[in-house]
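[1] Below is the structure, and that's it, no one-letter string:
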């Protein structure tokens with residue numbers, strides 16, 4: 001059997017436990033074979049059934065024979081088997097023990113068996129092993145957490161080819177001024193070069209979801225941007241909380257000014273900088289906005305470089 005690390009079903013975000021076999025799930029697997037897999041829509045289980053699309057996803061990853069591939073949400077293994085045709089090893093992280101058992105059965109006794117490791121657990125809380133490429137038919141409800149996990153993942157991987165709900169994928173590539181442009185757009189484009197690969201109709205899945213999907217390819221920017229991610233993301237959270245308000249209006253509320261002041265003091269302490277005796281944060285923020293000509297600008301219209309300029313001047 002391939003190496004399997006099981007965990008109880010459910011999005012409870014606990015650490016995955018380890019073992020070497022999936023035998024404890026064999027009775028469930030037999031039942032699934034008799035009656036067909038019982039897909040759990042609460043876990044976003046929509047299995048890609050079109051082999052041509054699966055092949056297209058794998059082709060866009062540009063796999064090498066030396067690659068270790070992380071697959072998130074392998075399901076019954078339709079993508080997994082195609083990845084194993086080209087990669088050295090696949091580490092598949094699956095939330096549902098029933099589907100993990102099906103995948104283990106699929107490679108049992110085959111040459112691919114030794115090159116597949118199955119981790120049963122929540123990928124968001126699982127410490128990921130080294131990987132070169134990530135390929136995923138991503139469960140829709142972990143789309144955003146997965147992107148933010150990858151933003152800070154080190155060492156850098158070569159690329160990720162990921163399938164998402166179409167609207168989510170379009171948010172990743174949205175530009176300033178577009179309706180879907182948001183905090184996610186800026187963060188993703190700050191750390192990755194992102195390309196839209198293909199649209200995938202909902203009828204290519206079993207069971208079909210309510211909406212279409214899209215495949216995107218993300219390549220980490222190397223070297224990564226030299227920003228403190230907590231500081232950077234904190235700025236975006238404030239700016240996009242009301243993305244159609246001017247930054248001057250968004251930054252002058254008491255609660256926001258307190259957050260900015262706390263962050264500023266933390267930055268000064270970390271970098272051995274003196275804090276002004278008579279610090280007027282409201283006035284300081286206004287001066288920064290004026291210096292970068294962003295007083296009347298709305299977050300919905302500001303690109304990545306505009307936010308970077310604000311961060312640089314605010315220091």
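    Okay, I see it. Please read all numbers here as calculations on a predicted model, not as lab measurements.
[2] average pLDDT for the lengthiest helix in the chain?
    Using DSSP state H to define each element, the chain has its longest helix at helix 254-270. Averaged over helix 254-270, pLDDT sits at 82.
[3] low pLDDT regions in the stretch 201-315 of the chain?
    When residues are selected by pLDDT under 70, those of the stretch 201-315 of the chain lie in 314-315.
[4] can you map out the helices along it?
    229-241, 247-250, 254-270, 281-291, 304-314 (DSSP state H, counting those that start in this stretch).
[5] Would you mind giving those helices as CSV with distance to residue 154 and mean neighbour count added?
    Glycine gets a C-beta too; all of them are placed from N, C-alpha and C. Formatted as CSV, the helices of the stretch 201-315 of the chain follow (distance: least, CB to CB, whole Å; neighbours: other CB atoms under 10 Å):
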stretch, distance to residue 154, mean neighbour count
helix 229-241, 11, 18
helix 247-250, 31, 18
helix 254-270, 20, 14
helix 281-291, 30, 16
helix 304-314, 21, 16
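[6] possible to save the ones you listed as a markdown table with distance to residue 217?
    Below are those laid out as a markdown table (distance: least, CB to CB, whole Å):
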| stretch | distance to residue 217 |
| --- | --- |
| helix 229-241 | 22 |
| helix 247-250 | 32 |
| helix 254-270 | 34 |
| helix 281-291 | 36 |
| helix 304-314 | 19 |
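[7] circling back to that earlier point, what's the longest helix of the chain packed up against?
    helix 229-241, helix 281-291 (3 or more CB pairs under 8 Å, 6 or more residues apart in numbering; DSSP states H and E).
[8] same thing but 6 Å
    The helices and strands touching helix 254-270, judged by 3 or more CB pairs under 6 Å, 6 or more residues apart in numbering; DSSP states H and E, are helix 281-291.
[9] Now do the helix it packs on: distance to the chain's middle.
    What separates the centre of helix 281-291 from the centre of its chain is 34 Å, taken as CA atoms, centre = their mean, to the nearest Å.
[10] picking that back up, contacts made by the longest helix of the chain with the rest, please.
    Residues outside helix 254-270 that contact it (CB atoms under 6 Å, 6 or more residues apart in numbering): 234, 238, 275, 281, 282.
[11] Then stretch 126-140?
    Contacts of stretch 126-140 (CB under 6 Å, 6+ apart): 16, 44, 48, 61, 67-73, 91, 157-158, 160-165.
[12] Which strands or helices does whichever strand or helix holds residue 70 pack on?
    Here residue 70 sits within strand 68-72, counting by DSSP states H and E. On a contact count with 3+ CB pairs under 6 Å, 6+ apart, strand 68-72 meets strand 89-94, strand 133-137.
[13] number of nearby residues for the residue nearest to residue 201 when sequence neighbours are not counted?
    Leaving aside its chain neighbours, residue 201 sits nearest to residue 212 (5.5 Å; criterion: CB to CB, 6 or more residues apart in numbering). Residues near residue 212, counting by other CB atoms under 10 Å, number 17.
[14] hang on, isn't residue 212 packed against residue 168?
    No - the criterion here is CB atoms under 6 Å, and residue 212 misses it with residue 168 at 11.2 Å.
[15] can you pull out the strands in this protein?
    Remark: strands assigned in the chain by DSSP state E are 3-5, 47-48, 68-72, 89-94, 116-120, 133-137, 159-165, 192-200, 205-206, 213-220.
[16] Tell me which of those lies nearest to residue 175.
    strand 192-200 (11.4 Å; CB to CB).
[17] if we can go back for a sec, got the angle for the strand holding residue 70 vs strand 133-137?
    Here strand 68-72 points in a direction 20 degrees away from that of strand 133-137 (axes from the mean of the first three to the mean of the last three CA atoms, to 10 degrees).
[18] List the strands paired with strand 68-72, with their directions.
    Using DSSP bridges, strand 68-72 pairs in its sheet with strand 89-94 (parallel), strand 133-137 (parallel).
[19] I'd like the helices and strands packed on strand 68-72 as a markdown table, with mean pLDDT and mean neighbour count appended.
    Converted to a markdown table, these look like this (pLDDT from 0 to 100; neighbours: other CB atoms under 10 Å):
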| stretch | mean pLDDT | mean neighbour count |
| --- | --- | --- |
| strand 89-94 | 98 | 26 |
| strand 133-137 | 98 | 25 |
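[20] could those be laid out in a markdown table, adding distance to residue 256?
    Output for the helices and strands packed on strand 68-72, formatted as a markdown table (distance: least, CB to CB, whole Å):
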| stretch | distance to residue 256 |
| --- | --- |
| strand 89-94 | 37 |
| strand 133-137 | 35 |
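[21] Of all these, which one comes closest to residue 201?
    So among these, strand 133-137 is nearest, using CB to CB, at 14.0 Å.
[22] returning to that earlier point: for residue 222, find the nearest of the strands paired with strand 68-72.
    Nearest to residue 222, of the strands paired with strand 68-72 and by CB to CB, is strand 133-137 at 14.7 Å.
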